[in-house]
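Everything below, folded, please.
(chains A and B)
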Amino acid sequence: MIRRLTARSRLALLYTGLVLAAGLLLTALTYLLLFHSLRLRIGEAMSKLLTQAAPALLVVTALAGLTGWLVAGRILRPIRTISGTANRLSAENLSERVPVRQPADELATLATTINGMLDRIQHGIAERDRVLNSQRLFVANAAHELRTPLTTMRTAVDVTLDGEPDRAELIAMAGDIATAVETNQRTLDGLLVLARSQAGPPRRTPVDLAEVAAATVADAAGRAANGAVTLQADLRPAPASGEPVLLERMAGNLLENALRYNHAGGHVTVTSGIANGHAFLRVVNTGPLVTPEEERRLFEPFVRGAGNGTRGAGLGLSIVRAVVTAHDGEISSTARPTGGMDIAVHLPQALEEAPTSG
Amino acid sequence: MRVLLVEDEQPLATYIAAGLHKHGCAVDVAHDGQQALDKCEITPYDVVVLDRDLPVVHGDTVCRLLAQRFTNAVRITVSTLRRKLGDPPLIETVTGAGYRIAP
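Below is the predicted model:
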């Protein structure tokens, strides 16, 4: 029955019990002393009582102190367990938890609270490791992307100059080197934009996504015609706020992706407007079927699908995602059942600023 | 000497093939792992120059399958541009920038 009381009740019970026991003991001793002393005269009895009562008091107090010490130690044992557990934990070994005992009292609450805190810390460390790993992977991928064209250039030079190259061979080598250099420039450009869009909250100026989309569509008209892809636009005003350069890049990448992963005779439809308090920009394109695996990895850097012709830097959609995130927006993407993708970008709608009163 | 070059990066493959050709090798080119395995079934090659990062079937898998099938018949040289963190070296690795022709 003792176990079901709270620590506070147990301690209170302990004090009370000790006081009671001490009182009883003293009373009993005094009774005995008086009993013996009453055979003597009053004066002698009184002084004898005093001299014998004092040691009795001391003894009883000592006993009470000792008993109190032992029992309180037992009641407070959970606190030592918590300290012990906390000492044993380290960044490498966060899986241990403090045992939570009945009854559900202050000490149990403390143990539970500490366990909750340990859960959160362990979660945070796992998250940190995940982020670090994905960063390492990104750097490794970026290095590989940049190294491949360099290898091509080096090989081109080695092979062409191995022997007696004629003018035609040298010109071909120069052309291939130029292409490889451009590829690396595009990759680096993409990496810089990605870094910039991840760097922090962008400057906020009013930007109408419809205007951005219109400019992007106009730029892409030539490329669409080359690939025999029909480009349609239905642009309603979509006021948002953000950094124009990044948003233009985002729209450009969406459109470029839609044109690249398409087929001759296909089409791309660009729409913009306001829905549910968001400004949106949506790009729908026809094209080859996108597998669930590809769809999952769509926005990862350096992952490319099977496009028709020129290979991009592989960063287009990851830049889109970074820009959208930096602008507190959301992306929704769906693989179309007949092939191609349907990607929509939602940004918080820019509110009209109230005219300042003079 | 018959060489199978397995490399998915087009311009690079063309140049390496040309280089090998200059040294008197007959060169076939495969652009992914599956093509490489198919070609090995048809033609006996003296050397296979194998890139690791390949589409369809990964270079490591190709290497393992070829080693199982052809035991001593084929020398495989692995050329790779990527050293993954913690990957144990499969066989002798030659970085893609320089390559040696074994006589």
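
Need the pLDDT of A:I79.
pLDDT for A:I79: 83.

surely it meets A:A108?
No: if you go by Cβ atoms under 8 Å, A:I79 and A:A108 don't touch, sitting 11.5 Å apart. The C-beta positions use only the backbone N, C-alpha and C, and glycine is treated the same way.

Between these two, which has more neighbouring residues?
Applying other Cβ atoms under 10 Å in any protein chain shown to A:I79 and A:A108 shows that A:A108 carries more neighbours, namely 18 against 13.

nearest residue to the more buried one other than its sequence neighbours?
Nearest residue to A:A108 in three dimensions, chain neighbours excluded: A:V100, at 5.3 Å (Cβ to Cβ, 6 or more residues apart in numbering or on different chains).

how about the helices in chain B?
Ranges of helices within chain B are B:10-22, B:33-42, B:59-70, based on DSSP state H.

wait, what's in contact with the residue nearest to A:A108?
Taking Cβ atoms under 8 Å, 6 or more residues apart in numbering or on different chains, we find A:V100 in contact with A:A108, A:A111, A:T112, A:N115.

Now rank the residues you listed by neighbours and give me the top one.
Top of the contacts of A:V100 by neighbour count (other Cβ under 10 Å): A:A111, with 20 neighbours.

pLDDT of stretch A:136-144, averaged?
Mean predicted confidence for stretch A:136-144 is 83.

again with stretch A:45-58
77.

Can you mark which positions in the host helix or strand of A:G222 are buried?
In this structure, A:G222 sits in helix A:209-226 according to DSSP states H and E. By neighbour count on 16 or more other Cβ atoms under 10 Å in any protein chain shown, the buried set for helix A:209-226 is A:L209, A:A210, A:E211, A:V212, A:A213, A:A214, A:T216, A:V217, A:A220, A:A224.

Help me confirm that the last one comes into contact with A:A258.
No: with contacts counted by Cβ under 8 Å, A:A224 stays clear of A:A258, the gap being 9.3 Å.

joint contacts of the two?
With Cβ under 8 Å, 6+ apart, A:A224 and A:A258 have common neighbours A:V268.

which residues sit against stretch A:206-214?
A:233, A:235-244, A:247-248, A:251, A:270, A:272-273, A:279-281, A:347, A:350.

With just CA atoms, put that stretch into CSV.
Output of stretch A:206-214 as CSV, limited to C-alpha atoms (Å, rounded to 0.1, in the frame of the first residue of the first chain):
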residue,chain,number,x,y,z
PRO,A,206,5.6,42.5,-56.1
VAL,A,207,5.8,40.1,-58.9
ASP,A,208,2.9,39.0,-61.1
LEU,A,209,3.4,35.3,-62.0
ALA,A,210,1.3,35.9,-65.1
GLU,A,211,3.8,38.4,-66.4
VAL,A,212,6.7,36.2,-65.6
ALA,A,213,5.0,33.3,-67.4
ALA,A,214,4.2,35.4,-70.4
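
between the helices of chain B, which gets nearest to A:L18?
Nearest of the helices of chain B to A:L18, taken as Cβ to Cβ: helix B:59-70 at 75.4 Å.

Please enumerate the helices of the stretch 201-350 of chain A.
Ranges of helices within the stretch 201-350 of chain A are A:209-226, A:244-260, A:292-296, A:316-326, based on DSSP state H, counting those that start in this stretch.

Identify the residue of chain B closest to chain A, quick one.
B:G19 (3.8 Å; Cβ to the nearest Cβ).

which residues does the nearest residue to that residue once chain neighbours are set aside contact?
Closest residue to B:G19 apart from its sequence neighbours, by Cβ to Cβ, 6+ apart: A:V159 at 3.8 Å. By Cβ under 8 Å, 6+ apart, the contact list for A:V159 reads B:Y15, B:I16, B:A18, B:G19, B:K22.

I'd like the distance between A:V159 and A:A140.
28 Å (Cβ to Cβ, to the nearest Å).

Select from the contacts of stretch A:206-214 every entry located in strands.
Of the contacts of stretch A:206-214, the ones assigned to strands by DSSP state E are A:233, A:235, A:239-242, A:270, A:272-273, A:279-281, A:347.

In the residues you listed, find the pair that's most separated.
Using Cβ to Cβ, these span at most 22.2 Å, a distance reached by A:A233 and A:S241.

and the two? which has more neighbours close in?
A:S241 (20 against 17).

Tell me the confidence at the more buried one?
Looking at A:S241, its pLDDT reads 89.

Tell me the gap between the helix holding A:G222 and the middle of its chain.
With Cα atoms, centre = their mean, to the nearest Å as the basis, helix A:209-226 stands 36 Å off its chain's centre.

Make a markdown table from the contacts of A:V100 and add distance to A:T325 and secondary structure to it.
Shown next, in a markdown table, are the contacts of A:V100 (distance: Cβ to Cβ, whole Å; DSSP: H, G, I helix; E, B strand; the rest coil):
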| residue | distance to A:T325 | secondary structure |
| --- | --- | --- |
| A:A108 | 42 | helix |
| A:A111 | 39 | helix |
| A:T112 | 36 | helix |
| A:N115 | 33 | helix |
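
Just name the shakiest helix or strand of chain B by mean pLDDT.
The helix or strand of chain B with the lowest confidence, counting by mean pLDDT, DSSP states H and E, is strand B:93-95 at a mean of 32.

residues near A:V181, how many?
With other Cβ under 10 Å as criterion, A:V181 counts 13.

you'd agree it is up against A:A156?
No: in this structure A:V181 lies outside contact range of A:A156 using Cβ under 8 Å: 11.2 Å.

Could you single out the nearest of the ones in strands among the contacts of stretch A:206-214 to chain B?
A:V270 (31.2 Å).

Who does that closest one form a beta bridge with?
Here A:V270 sits in beta bridges with A:A233, A:V283, going by DSSP bridges.

so it touches A:A233, yeah?
Yes: A:V270 is within contact range of A:A233, at 4.5 Å (criterion: Cβ under 8 Å).

Can you pull the residues that touch both of those two?
A:A213, A:V217.

ok, now which ones touch residue 4?
Unless you meant another one, I'm taking chain A. A:R4 touches A:Q102, A:P103, counting by Cβ under 8 Å, 6+ apart.

my question was about chain B
Taking Cβ under 8 Å, 6+ apart as the test, what B:L4 contacts is B:V27, B:D28, B:V29, B:A30, B:A36, B:K39, B:C40, B:T43, B:Y45, B:V47, B:V48, B:V49.

again with A:S272
A:L209, A:A210, A:A213, A:D234, A:L235, A:R236, A:P237, A:A238, A:A279, A:F280, A:L281, A:R282.
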